[in-house]
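Asks: What follows is a predicted structure for the sequence shown.
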Amino acid sequence: MASKKTSFPKQDIRVLLLEGVSQTAVEIFQAAGYSQIEYHSKALPEDELKARISEAHIVGLRSRTQLSAEVLTDAKRLLAIGCFCIGTNQVDLEAAEQAGIPVFNAPYSNTRSVAELVVAQAVLLARGIPQKNAECHRGGWSKAATGSHEVRGKTLGIVGYGHIGTQVGVLAEALGMRVIFHDIDTKLALGNAQPAAGLEDLLARADIVTLHVPETPSTQWMIGAEQIAKMKRGAHLINAARGTVVVIEALAAALQSGQLGGAAVDVFPVEPKANGDEFQSPLRGLDNVILTPHIGGSTLEAQDNIGVEVAAKLVRYSDNGSTLSSVNFPEVTLPEHAGSLRLLHIHRNVPGVLSKINDIFSRHAVNIDGQFLRTDPKLGYVVIDITADEAKAGAIKDELAAIPGTLRTRVLY
Ligand SMILES: NC(=O)C1=CN([C@@H]2O[C@H](COP(=O)(O)OP(=O)(O)OC[C@H]3O[C@@H](n4cnc5c(N)ncnc54)[C@H](O)[C@@H]3O)[C@@H](O)[C@H]2O)C=CC1
Ligand SMILES: O=C(O)CCC(=O)C(=O)O
């Protein structure tokens, strides 16, 4: 990747990488000329996070680090945030947007890893392997077929038929399962999958229910005692989505009463902040549950791909201004700007800003080589390529920064 000069010398841009993101991310930043890379293999306690983020220009994290509005208040220099995962619920996206900070993620790179794990768990649950495994560990031996089933011919109910849900469906059909799904959007059914009439219909018909929805207000506690009671007696539940989707006490009660035959749970309402911290859950000690420490997407293949994908998006934004695939920002795909200087102006979407921007350029009588504008209801993002020397671009940048409503300005040389 070519090293480009930016308004802020690249060697001064501080990249803060948390939670042991893949080394491939470090390599991408280094190849692009970024040398100030602070790498932490864990999430930081909040006080330390606030201190470190106050000096960072780019921050990369996974699912543990909470970037609340309060934490972002201390992030005065921050240009961009990279979530090295799919979920972005750990970042206050609105607060980031209102501070003019785009957030990027990796929407696909770990989806196959989650799908493979879920299909494997479906087979293990149907065979009653969690209980048999626990029993053998205790020295027990009960060789019997009772309660043990093939998944072939059984019905898998997928809640949330997106990137992961669809792949789970395709893999499950290869094992001969019948696949039904429920989604709030109309979805193209892959293979022989069939949409259920609704969540209740899916719960009533599935032998195994697997959840693949994001954490949103509509999915919070969507599976509680009432929904579990609608499932077939002895059915299985898999949750590799988010811990807030399932009322965990209701799940524990159903597993103990036999309403559910088993469960595989990878995500929890409260997860330990660091490896080595105690994991507390009402599901601990239940033999019919497979517990995993939020590793659905944690394969080396996925993490290496995510490292490359998210770091490349951050570098592209920092070097070129492109916000393509940002989750909270107007998306602009920008060409290279060889021969022009590029001014970036991020502002609140209030009347009058654009005319003030145009006034400044006409007063300076510079040649405009390209102009790009995208807005969303809250934010405007203007990119202007000009033929000018660095001093002139710097002067224009200062005037742009003084326009009321301006959130950030930069020059890319
Ligand atoms: N355990 C782990 O390590 C991982 C967990 N995840 C979780 O899995 C989630 C899903 O990932 P993808 O499939 O890539 O996301 P996606 O965005 O492709 O699919 C999510 C689907 O859920 C649907 N949906 C949203 N609200 C719904 C509701 N109330 N009822 C029914 N459907 C609803 C959406 O319309 C969409 O089709 C992520 O948001 C993340 O929270 C993702 C990766 C790794
Ligand atoms: O790998 C991680 O840290 C989180 C994975 C996950 O839950 C996601 O990608 O949304």
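Replies: Received the coordinates, thanks. Keep in mind the model is a prediction, meaning the values are calculated, not measured. Ligands and ions are numbered 1, 2, ... in the order given.
Asks: Next one: the residue in the stretch 301-413 of the chain positioned nearest to ligand 2 from Ala106, what distance?
Replies: Residue of the stretch 301-413 of the chain nearest ligand 2, by CB to the nearest ligand atom: Gln303 (7.3 Å). Where you see a C-beta, it was placed from the backbone N, CA and C, and this is true even at glycine. Going from Gln303 to Ala106 by CB to CB, to the nearest Å gives 10 Å.
Asks: Pull up the overlap in contacts between those two.
Replies: Taking CB atoms under 8 Å, 6 or more residues apart in numbering as the criterion, Gln303 and Ala106 both touch Phe84.
Asks: Gly153: how many residues sit nearby?
Replies: 11 (other CB atoms under 10 Å).
Asks: same question, Arg342
Replies: Number of residues near Arg342 (other CB under 10 Å) recorded here: 25.
Asks: how far away is it from Val332?
Replies: Per CB to CB, Arg342 is found 11 Å from Val332.
Asks: next one: Ser109
Replies: Distance, Ser109 to Val332, using CB to CB: 23 Å.
Asks: Which secondary structure state is assigned to the residue in the stretch 301-413 of the chain positioned nearest to ligand 1?
Replies: As assessed by CB to the nearest ligand atom, ligand 1 sits closest to Ala302 within the stretch 301-413 of the chain, at 8.3 Å. Under DSSP: H, G, I helix; E, B strand; the rest coil, Ala302 falls in the helix class.
Asks: Would you mind confirming that it makes contact with Glu116?
Replies: No. Contact between Ala302 and Glu116 fails when scored by CB atoms under 8 Å: they sit 10.0 Å apart.
Asks: between those two, which one's more packed in?
Replies: When Ala302 and Glu116 are compared for neighbours, Ala302 comes out ahead with 21 against 15, by other CB under 10 Å.
Asks: Could you measure from that one over to Gly296?
Replies: Relative to Gly296, Ala302 is positioned 9 Å away (CB to CB).
Asks: Report the set of residues contacting both of the two.
Replies: Common neighbours of Ala302 and Gly296, using CB under 8 Å, 6+ apart, are 110, 113.
Asks: what's near enough to touch Leu171?
Replies: Here Leu171 is in contact with 115-116, 119 (CB under 8 Å, 6+ apart).
Asks: Redo those residues as CSV? Include pLDDT, distance to Asn275 and secondary structure.
Replies: Compiled in CSV, those are given as follows (pLDDT from 0 to 100; distance: CB to CB, whole Å; DSSP: H, G, I helix; E, B strand; the rest coil):
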residue, pLDDT, distance to Asn275, secondary structure
Ala115, 98, 25, helix
Glu116, 98, 23, helix
Val119, 98, 26, helix
